[in-house]
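Asker: Got a predicted model here, sequence first, then my questions.
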Amino acid sequence: MATASGSADAGNVNSPNDGGEDGNPTQTSSPGNDQKQKPVCLIVLGMAGSGKTTFVQRLTSYLHTKKSPPYVINLDPAVHEVPFPANIDIRDTVNYKEVMKQYGLGPNGGIVTSLNLFATRFDQVMTFIEKKQYNHQYVLIDTPGQIEVFTWSASGTIITESLASSFPCVVVYVMDTSRSVNPVTFMSNMLYACSILYKTKLPFIVAMNKTDIIDHSFAVEWMQDFEVFQDALNQETSYVSNLTRSMSLVLDEFYTNLRVVGVSAVTGSGLDELFVQVADAAKEYETDYRPEYERLHKELADAQNKKQQEQLERLRKDMGAVSMKTPQRAEEADVLGPSNLIFNRGNLDNEEEEEEDSDTDDIDHKVTEESKEGEAFGNFLTERREVVQVRNRKPQ
């Protein structure tokens with residue numbers, strides 16, 4: 001297995017300002033606080049080329065300027081360099097190129113397999129995060145460039161659910177605004193965002209990136225005004241435009257409760273509004289999503305307990321009823337001891353029943369033996385008499 005022998009937290013010593021500092025924007029850290037706030041996990045997803053890694057780098061820089069350094073995790077095994085200090089880097093645990101060689105895989109298959117291998121050690125990652133949870137307010141998770149590798153693979157589900165079961169989690173979907181000026185491309189992005197929302201079942205924020213190239217106001221208008229989006233679609237004459245027109249009616253309800261923020265990973269604009277939305281999404285997690293996770297966890301625990309009880313009951317029936325009475329005293333015990341059972345080979349029937357089952361019960365064995373002895377003695381005397389007569393004849 002193409003894994004390194006070093007610890008998965010090898011990058012922790014290189015992270016600047018690893019401890020909690022004063023000036024935290026929303027969390028007070030007085031020594032008398034018994035109830036400390038857990039960090040908010042931001043899972044950054046997006047299409048290839050949408051600017052996820054640059055966006056994570058800008059978030060890290062922004063939080064450092066706010067005296068609140070985040071705990072950063074890189075889950076992209078194929079990236080050559082990361083422009084931010086990563087506390088945990090998947091490349092320290094899994095060698096992406098060796099995975100491709102050993103398993104004979106292509107680029108996408110190598111990324112999936114590397115994530116699967118890393119997911120087997122994610123309990124250690126959770127341990128590292130829990131040790132540092134009171135020193136950081138945010139945990140940033142950068143995902144692979146191929147979005148389907150993380151969102152639809154088993155490892156992506158394991159990682160997402162592990163984080164969401166212990167910490168407040170918010171999914172940040174990074175969208176390339178410059179490539180979404182086409183209404184068909186915009187609808188494709190929104191459909192993918194909708195599918196991720198319903199799959200992860202976590203608070204969701206759409207970060208329309210690259211607003212330094214083009215403003216995102218047109219996309220917000222398309223989401224708020226159906227007729228404006230239809231007018232843009234009328235300029236398209238392909239079959240896909242007809243499908244997009246139908247799907248826009250379906251997503252109309254999806255747009256109503258969707259958080260949308262325009263940001264620029266290059267200039268850093270819009271990050272203040274983004275963290276306002278993140279704080280609101282974290283509250284939504286505590287009020288809506290955490291009770292649901294706890295309910296599902298309780299149902300799973302109850303189902304496991306019920307299954308164990310059924311197995312114990314089945315085992316009890318197979319073994320039969322066990323007497324709970326006190327053992328009898330020696331005087332009240334049965335006359336037959338264990339030796340009798342041994343000598344009788346476990347058969348407690350009396351001798352009379354054995355005699356009735358015998359095939360020679362009508363024969364007098366004593367008379368038969370005496371008659372056989374008398375006949376044998378008579379034959380012996382006859383033989384001796386003949387021998388004596390032969391001896392007497394020889395001297396003559």
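Answerer: Yep, it's here.

Asker: drop to CA atoms for contacts and neighbour counts, all remaining ones
Answerer: Will do.

Asker: If we ignore the residues flanking it in sequence, what's nearest the residue minimising distance to the centre of the chain?
Answerer: The C-alpha lying nearest the average C-alpha coordinate of the chain belongs to I158 (Cα atoms, centre = their mean; 5.4 Å). Leaving out its chain neighbours, the residue that sits closest to I158 by Cα to Cα, 6 or more residues apart in numbering is A119, at 6.9 Å.

Asker: Can you give me every residue that contacts that neighbour?
Answerer: Residues counted as contacts of A119 (Cα atoms under 8 Å, 6 or more residues apart in numbering) are S155, I158, I159.

Asker: do D76 as well
Answerer: I90, R91, I111, D142, T143, P144, G145.

Asker: cutoff 10 Å now
Answerer: D76 makes contacts with 53, 82, 89-91, 96, 111, 114-115, 141-146, 150, as judged by Cα atoms under 10 Å, 6 or more residues apart in numbering.

Asker: That one: which element?
Answerer: Using DSSP states H and E, D76 sits within no helix or strand.

Asker: Tell me the secondary structure at T60.
Answerer: The three-state label for T60, taken from DSSP: H, G, I helix; E, B strand; the rest coil, comes out as helix.

Asker: Helices of the stretch 151-300 of the chain, start to end?
Answerer: Here the stretch 151-300 of the chain has its helices, by DSSP state H, counting those that start in this stretch, at 154-164, 183-200, 217-224, 226-233, 239-250, 252-256, 271-284, 290-319.

Asker: Going by neighbour count, which residues of the second one are buried?
Answerer: By 16 or more other Cα atoms under 10 Å, the buried positions in helix 183-200 come out as P183, V184, F186, M187, N189, M190, L191, A193, C194, I196, L197, T200.

Asker: Now that the fourth one has come up, it's in contact with L249, right?
Answerer: No: because the distance of 11.1 Å does not satisfy Cα atoms under 10 Å, M187 is recorded as not touching L249.

Asker: returning to that earlier point: mind giving me JSON lines with the contacts of A119 and columns for distance to E313 and pLDDT?
Answerer: Below are the contacts of A119 laid out as JSON lines (distance: Cα to Cα, whole Å; pLDDT from 0 to 100):
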{"residue": "S155", "distance to E313": "36", "pLDDT": "90"}
{"residue": "I158", "distance to E313": "33", "pLDDT": "90"}
{"residue": "I159", "distance to E313": "36", "pLDDT": "92"}
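
Asker: what's the closest of the residues you listed to E286?
Answerer: Distance to E286 across the contacts of A119 (Cα to Cα) is lowest for I159, with 19.4 Å.

Asker: That closest one: what's it in contact with?
Answerer: Contacts for I159 (Cα under 10 Å, 6+ apart) come out as L115, N116, F118, A119, T120, F122, D123, V125, M126, F150.

Asker: Would you convert the helices of the stretch 151-300 of the chain into TSV that also reports distance to G378?
Answerer: Rendered in TSV, the data for the helices of the stretch 151-300 of the chain read as follows (distance: least, Cα to Cα, whole Å):
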stretch	distance to G378
helix 154-164	101
helix 183-200	109
helix 217-224	130
helix 226-233	133
helix 239-250	122
helix 252-256	122
helix 271-284	119
helix 290-319	68
